[in-house]
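1. Structural data only, the sequence is not supplied:
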């Protein structure tokens, strides 16, 4: 399968959200129009996005909701569960341990780390805080698929280097820093300050 | 000034992060090459981004760090402080009250709301949880510039409608739902599930 643009991957994720809603409501088929309306896009765009993966749907009948949902899950690599380690047991790290959207989509937070002796050994949202010193040993025993970085910017790169060395191949980064990783490692960065600045730009230039 | 593309706004935010680092280190001038290296882009792109705002820098000397930082802050509307209301006092909402990146950039969380009687009146990270019923009355007294939505998806749109009615013009949305707002209102959505799915796609297709 050829590489899909990041913007397409994002729209597929969105379509999947809508399809899951439809499934919950017991809706069996959906038109590209309905997906387009929900996604604030055009039905031509929906058909183009879905055409990447061969032929879907029947003209005039629309798409089968469970079939389409299952194909998109497959494309996105969601046919399996992912083990997630959260690095940084501050407020945000603790919140992410129990973020409701994760478990539902197969992302299971299995460990939480910090370097603060006052936090190590205590529980945050039902998960014991482990010692960051043990990262390599723990990962050798049971490797995390994804690490979420919620540490101060100053230590983020060093921790990512250690995790990459231990075999972790995917990172969700909340630290305000551009991480450097090898080519075979995937990073997504969530910058809340960046989002707020996009809002302040929007407010100023309405 | 003409409208700038969202991708350019994001790069300007990034350049500003780097310039602030340079300021802290006492560095006075910076080349487009240095900004490009930090931002994983090209110096041609940097020069193009900055040329939107008239002529900057001197050939061979580079840009003045404080001057460039100040111009970008101005463009992004960061010359002022923003009052932020957090709607939803769950784990993530409470974490955002004290998120270190916000205050530093002029975004001050001034209020926190919930509908749960057990939470109302208690404190989360030093801020009293207010009753969601009082949103309109509170906003009439002192309007928030930005509301951060950290509620369940099922109530997000209704709350946003109320806040828009009360005069709020900008939203940062964490609820897994596409919000509908009038044209003069700005919304940015942070979907953590979407980010993780982009990672799982990346893991599957490395």
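-> Here it is on my side, so go on. Owing to the predicted nature of the structure, the values given are computational and were not obtained by experimental measurement.
2. Can you tell me how far the residue nearest to residue A:162 when sequence neighbours are not counted is from chain B?
-> Sequence neighbours aside, residue A:135 is the residue nearest to residue A:162 in space, at 5.7 Å (criterion: Cβ to Cβ, 6 or more residues apart in numbering or on different chains). For the C-beta atoms, the positions are set from N, CA and C on the backbone; glycine is no exception. If you measure residue A:135 against chain B using Cβ to the nearest Cβ, to the nearest Å, the figure is 19 Å.
3. my read is residue A:135 is in a helix, agree?
-> Yes. Inclusion of residue A:135 in a helix is indicated when DSSP: H, G, I helix; E, B strand; the rest coil is applied.
4. So for residue A:53, what's the pLDDT?
-> Turning to residue A:53, the model gives it a pLDDT of 68.
5. residues touching the nearest residue to residue A:174 once chain neighbours are set aside, list them.
-> If the residues on either side of it in the chain are set aside, residue A:174 comes closest to residue A:150, at 4.8 Å by Cβ to Cβ, 6+ apart. Counting by Cβ atoms under 8 Å, 6 or more residues apart in numbering or on different chains, residue A:150 makes contact with A:86, A:87, A:88, A:90, A:92, A:93, A:96, A:174, A:175.
6. how about 7 Å then?
-> Counting by Cβ atoms under 7 Å, 6 or more residues apart in numbering or on different chains, residue A:150 touches A:86, A:87, A:88, A:90, A:92, A:93, A:96, A:174.
7. Can you get me a residue count around residue A:183?
-> Residue crowding around residue A:183 was assessed by other Cβ atoms under 10 Å in any protein chain shown; the count is 6.
8. Let's verify it: helix, strand, or coil?
-> Of the three states, residue A:183 takes coil according to three-state DSSP.
9. ok, and for the one helix or strand residue A:155 maps to, which residues are buried?
-> Here residue A:155, judged by DSSP states H and E, is contained in helix A:153-165. Taking 16 or more other Cβ atoms under 10 Å in any protein chain shown as the neighbour-count basis, helix A:153-165 is seen to contain the buried residues A:153, A:155, A:156, A:157, A:159, A:160, A:163, A:164.
10. Isn't the last one up against residue A:179?
-> I take that to be residue A:164. No. The pair residue A:164 and residue A:179 does not pass the contact test of Cβ atoms under 7 Å, sitting 9.5 Å apart.
11. For residue A:10, grab phi and psi.
-> When read as degrees, to the nearest 10, the backbone of residue A:10 gives phi -70, psi -40.
12. so how many other residues sit close to it?
-> 16.
13. Pretty sure it sits against residue B:194.
-> Yes. In this structure residue A:10 lies within contact range of residue B:194 using Cβ under 7 Å: 6.2 Å.
14. Pull up the distance across stretch A:71-84, start to finish.
-> The distance separating the two terminal residues of stretch A:71-84, taken as Cα to Cα, to the nearest Å, comes to 24 Å.
15. Show me chain A divided up by domain.
-> Per the record's domain assignment (automatic domain parsing), chain A is made up of the domains A:6-75, A:82-194.
16. anything in the helix or strand bottoming out on mean pLDDT in chain A sitting right up against chain B?
-> Taking mean pLDDT, DSSP states H and E as the measure, chain A has helix A:100-104 as its least confident helix or strand, at a mean of 75. Yes. Using Cβ under 7 Å from any Cβ of the partner chain, helix A:100-104 comes into contact with chain B via A:101, A:102.
17. next one: the first helix or strand past that helix going along the chain to chain centre, how far?
-> From helix A:100-104 onward toward the C-terminus, using DSSP H and E, the following helix or strand is strand A:107-114. Mean-position distance between strand A:107-114 and its chain equals 14 Å (Cα atoms, centre = their mean, to the nearest Å).
18. before we move on, what about stretch A:17-29?
-> For stretch A:17-29, the gap between its own C-alpha mean and the chain's C-alpha mean amounts to 21 Å (Cα atoms, centre = their mean).
19. worst average pLDDT in the domains of chain A?
-> When these are compared by mean pLDDT, domain A:6-75 comes last with a mean of 84.
20. Pull the residues that contact stretch A:196-205.
-> Taking Cβ under 7 Å, 6+ apart as the rule, stretch A:196-205 contacts B:3, B:6, B:9-10, B:13, B:76-78, B:82, B:102, B:105, B:107, B:145-146, B:169-170, B:172, B:186, B:188.
21. list the buried ones in that stretch?
-> With burial defined by 16+ other Cβ under 10 Å, the residues of stretch A:196-205 counted as buried are A:196, A:197, A:198, A:199, A:200, A:201, A:202, A:203, A:204.
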